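Participant: 3D, please:
(chains A and B)
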Amino acid sequence: MPFNFVFFVVLAVSLGIFFWSCYRRFRLVLLGKAENRSNDAGRRIMGMLYHAFGQRCAVSHGYNFGLNHVMLFWSFIILLIANTEFLLHGIFPDYISLSLLPDGPYFALAFIFDAASLLALLAVFIAIIRRLAFPSPYIEARNPDAFAILILIALLMIAFFGLHAGEIAQGSERAAQYMPISGLIASAFFANVQSGSLAGYIEAFWWVHAIVLLVFLNYLPYSKHMHILTGIPNVFFRSLTKVNTQPREEFKKGNTFGAGQIDQFTWKDLFDTYSCTKCGRCSDMCPATFTGKTLDPRLVINDMKVNLLKNGPLIYQKKPPVLPLIGERVEGSNHDDVLWACTTCGACMEVCPVLIEHVPKIVDMRRNLVEMISRFPGEVVPFFENMEQRSNPWGIIPAERTKWTAEADVKPFEAGKTEYLFYVGCFGAFDARNRRVSIANTRILNASGISWGYLGKDEMCCGESLRRMGNEFVFDRMARENVKMFKEKGIKKVITQCPHCYNVLKNDYRQYGAELEVIHYTELINDLIKAGKLKLAGIKDHGKIVFHDSCYMGRYNGIYEAPRKAIVSATGQVPAEMERSHEKSFCCGAGGGRMWMEENMGKRINIARIEQALKKDPKTICVCCPYCMTMFEDGLKDMKAEDKVQVLDVAEVVSDVLK
Amino acid sequence: MLVVTCVKQVPDTTQVRVDPVTGTLIREGVPFIINPFDTHALEESLRLKEKYGFRVAVVSMGPPNAEITLKKALALGADEVVLLSDRAFGGADTLATSLVLAEAVRKLGQNEEVAMVICGRQTIDGDTAQVGPGIATRLGYSQLTLVDLVENVDVKTKKIRVRRRLEGRHEIVEAPLPAMVAVLREINRPRYPTVPKRLQAEEATVPLWNNKTMGLKEETIGLKGSATQVRKIFSPQRARGEIIGDGINKPDEAAGILINRLVEKGILCL
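Facilitator: This next block holds a predicted model:
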């Protein structure tokens, strides 16, 4: 038969519906604001190979079932070729067929397709068993959508084997001996079937295969498995740098600020929502979800998607949206307390297999709440006012910024003379406990003999919490002032004590034209020891030490080893690791401005983290961030465990053994 | 109807020092803020606006840079602002200040009936709590001080009912409008301005009324019209107390020592 008209019509109609569905979904993405995500295509393609085709996230972070996804993914990629041939062959049976290839390539492909189909079937089987017998707490294991798609894939594979087994039994398959699975089925089921009815079976399996394939295709855009279409492009359009900052806003009259309506996100934010397959790894990692808050990063993304599907078509018709993006407790809307529960720790983004950027979306919605409608937890007002009026979170008189130096040997930064600025930060300057860390740091700096100075009363807050809380307007002013001052004083190298200051000076201020060489003191300590500038007088025993990673050091800036090495140098002991450490570290609960808000919902995050630390039975919990220090000390006091376990900063551990 | 709110720009008094030689305030480098009590007065005006549909006018007497404070009021939702600024107003005590403010209220009342004047309980620089009552007396308004709740305003019968917080008790008072209401900080939690309103307010021009506009007699305003003359400013010397504990470790122990000391000194009775 040169041309199968019936199948041509079937295929044309179903492809038509498929492309129409895709058009309806993807045009909604274009409602989003512009953003350039296609620069540096080479790196994007390399990343795509690594993350998507290499299935990097599927197999990392200790998710054992990820291997099953790798198996399914690769069988799918292989069978994509087989199925394309299947459809074209269906229309032009005489002209398009793999069997027209020479023996070598044809036999190889036949074998590969046969094996891939078995692997796919096996993966589906494992996935079904897993969902029924060992459902992980973080995935919606029994979701009907998931079973629908798994059954469709299984049917597709069974039809594939039925069809080829029939052909082998019929003797019309010249690659029979290279298709072991189909061959096995042929001898098991079709050995005694008469050739007349065999043709009927073949015809039936062919049509089952064709119909299931087309149903599958048309089901995709409406199911959570849309990621089959969007996942790979989403990885291509990923952020090329670590997502450790938020974009600036332009404060011009007539502008809107933040995202209060779905079309106020960027197109990439919207595309992200189509790429989520609700695998739940973000939920599994999220400290807020873990401690019973209403925030679940997966649901934030899902709610945005539902909102887009509902409001998008209306926005196109210039009609007002019917479902608010923020404020309701219904699917498609994010309640305020969901958005305020985020610590911006970034664990969700770290584990997302398709590299969805959750945190900037949450901050964008916070911006809308703060800047456009002024709706946020009441206790935040004094924080905002203090930051604006006195450039520190507590509203302490700026003159008191230097009070801690009564016990320390400090020197002012002198433009043109001093090499390093020691940026103490608000905690290091005002907080009683963290002042001791500042003193330890000055002792280390003085012992090393490097040229350093500090700004004293002139130091201003970096504004970190404001930015994460969505008060971009005030952050913007503080950032401009700071960057201006740094330029005027000729500051080029900065040592920070606080990882939050570190991230702001290094990454956020870059948007303001500041090209600073920012060093966290833990990095500096290692460099100084290595260069022989910092000499330690032996080691000091602090009992068993467990180290807690700061999110803004680790995940945000990739610094994991510096604090650990410093601990080893000063104690001769490799710190113990909690179950969740390094990339998977669990936030202390203070990031994202949570430090300045009440934590009334669920269990306290710092208590949860301390419980994880205590499992290692430490004498000392070592931190390298003032926020973590405060959260651990407060939590230990709440748990009445402060006599059993002490919290020390890495700087204190090192300054204890200075020569 | 109009609600007139009086606000004052004050130096951030926690940062003010007295020059030991000249005996004057060191104002250099001291930031100016809106008098914290007045932020609650403004907030209450805005809440009454939302509830009863009043228009809110905000007046401030002070140097030209006090317009920053009035712009903040605009950002928060004030409908109209007026800056009363003239060299002749300078050096005024509460007597002279209340005269200028009362005259401003009277002028604002020429176009629209004034329902009430709302003031903060006192300012953090003068701390007299006299200006509000001064305005009420001069205008012949009902005088409601120490208010921590406005229960009801009846626009038809022109009555206001408030709760006053006195020592150890509350007092519910009903008074005829127009009234002067001086509020406590506990009355509300001030709102935070939205960015679009801030941007709008920053571009706004603040109307300035000098004494030409006001037409008050020179001898009744400013230093000349003041009954108070400042002779000397000084920081009283206080004996330094004893610091117990280091603020971090062993709070129970520190608390124990503290209680013992207080009992020894007869401050505390167990």
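Participant: need the residues of chain B near chain A, please.
Facilitator: Within chain B, the positions near chain A by C-beta under 8 Å from any C-beta of the partner chain are B:12, B:14-15, B:31, B:33, B:189-196, B:198-200, B:203, B:246-248. To be clear about C-beta, it is placed using only N, CA and C from the backbone, and glycine gets the same treatment.
Participant: so which of the residues you listed sit within helices?
Facilitator: B:Val195, B:Pro196, B:Arg198, B:Leu199, B:Gln200, B:Glu203 (DSSP state H).
Participant: which among the residues of chain B next to chain A end up buried?
Facilitator: Buried subset of the residues of chain B next to chain A (neighbour count, 16 or more other C-beta atoms under 10 Å in any protein chain shown): B:12, B:15, B:33, B:190-196, B:198-200.
Participant: TSV for these, including pLDDT?
Facilitator: Shown next, in TSV, are these (pLDDT from 0 to 100):
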residue	pLDDT
B:Asp12	80
B:Gln15	70
B:Ile33	86
B:Pro190	93
B:Arg191	94
B:Tyr192	95
B:Pro193	96
B:Thr194	96
B:Val195	97
B:Pro196	97
B:Arg198	96
B:Leu199	96
B:Gln200	95
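Participant: farthest-separated two in these?
Facilitator: For these, the maximum inter-member distance is 31.3 Å, found between B:Gln15 and B:Pro196 (C-beta to C-beta).
Participant: by mean pLDDT, point me to the weakest helix or strand of chain A.
Facilitator: The weakest-scoring helix or strand in chain A, judged by mean pLDDT, DSSP states H and E, is helix A:56-59 (a mean of 77).
Participant: and the helix or strand following that helix, what does it pack against?
Facilitator: Downstream of helix A:56-59, the first helix or strand assigned by DSSP states H and E is helix A:66-91. Helix A:66-91 sits against helix A:5-29, helix A:56-59, helix A:103-133, helix A:195-219, with contacts defined as 3 or more C-beta pairs under 8 Å, 6 or more residues apart in numbering or on different chains; DSSP states H and E.
Participant: buried residues, helix A:66-91. List them.
Facilitator: A:66, A:68-69, A:71-76, A:78-79, A:82-83, A:85-87, A:89-91.
Participant: list the contacts of the biggest strand by length in chain B.
Facilitator: Longest strand in chain B, counting residues (DSSP state E): strand B:142-154. Residues outside strand B:142-154 that contact it (C-beta atoms under 8 Å, 6 or more residues apart in numbering or on different chains): B:44, B:48, B:51-52, B:115-116, B:121, B:129, B:132-133, B:136-137, B:159-166, B:170, B:172-173, B:175-184, B:186-187.
Participant: partner residues bridging B:Leu149?
Facilitator: Taking DSSP bridges as the rule, B:Leu149 bridges to B:Arg163.
Participant: read off the pLDDT value for it.
Facilitator: At B:Leu149, the model reports a pLDDT of 96.
Participant: how about the helices in chain B?
Facilitator: Along chain B, counting by DSSP H, helices occupy B:36-52, B:67-76, B:94-108, B:131-139, B:195-203, B:211-214, B:251-264.
Participant: format those helices as JSON lines; extra columns: distance to A:Pro324.
Facilitator: Converted to JSON lines, those look like this (distance: least, C-beta to C-beta, whole Å):
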{"stretch": "helix B:36-52", "distance to A:Pro324": "21"}
{"stretch": "helix B:67-76", "distance to A:Pro324": "25"}
{"stretch": "helix B:94-108", "distance to A:Pro324": "39"}
{"stretch": "helix B:131-139", "distance to A:Pro324": "42"}
{"stretch": "helix B:195-203", "distance to A:Pro324": "19"}
{"stretch": "helix B:211-214", "distance to A:Pro324": "47"}
{"stretch": "helix B:251-264", "distance to A:Pro324": "46"}
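Participant: these: which one's closest to A:Cys352?
Facilitator: Among those, helix B:195-203 comes nearest to A:Cys352, with 30.9 Å by C-beta to C-beta.
Participant: chain center to that closest one, what's the gap?
Facilitator: From the chain centre to the centre of helix B:195-203 is a distance of 23 Å (C-alpha atoms, centre = their mean, to the nearest Å).
Participant: name the helices or strands packed onto that helix?
Facilitator: If you count contacts as 3+ C-beta pairs under 8 Å, 6+ apart, helix B:195-203 packs onto helix B:67-76.
Participant: in the helix it packs on, what counts as buried?
Facilitator: Residues of helix B:67-76 classed as buried: B:Glu67, B:Thr69, B:Leu70, B:Lys71, B:Lys72, B:Ala73, B:Leu74, B:Ala75, B:Leu76 (neighbour count, 16+ other C-beta under 10 Å).
Participant: check what contacts that helix and list those residues.
Facilitator: So helix B:67-76 is contacted by B:5, B:7-9, B:32, B:34, B:42-43, B:46, B:58, B:60, B:62, B:78, B:81-83, B:190-191, B:193-194, B:197-198, B:200-202, B:204, B:206, B:208 (C-beta under 8 Å, 6+ apart).
Participant: could I have the buried ones of those as PyMOL selection syntax?
Facilitator: In PyMOL, this line selects whichever of the contacts of helix B:67-76 come out buried by 16+ other C-beta under 10 Å:
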select buried, chain B and resi 5+7+8+9+32+34+42+43+46+58+60+62+78+81+82+83+190+191+193+194+198+200+201+206
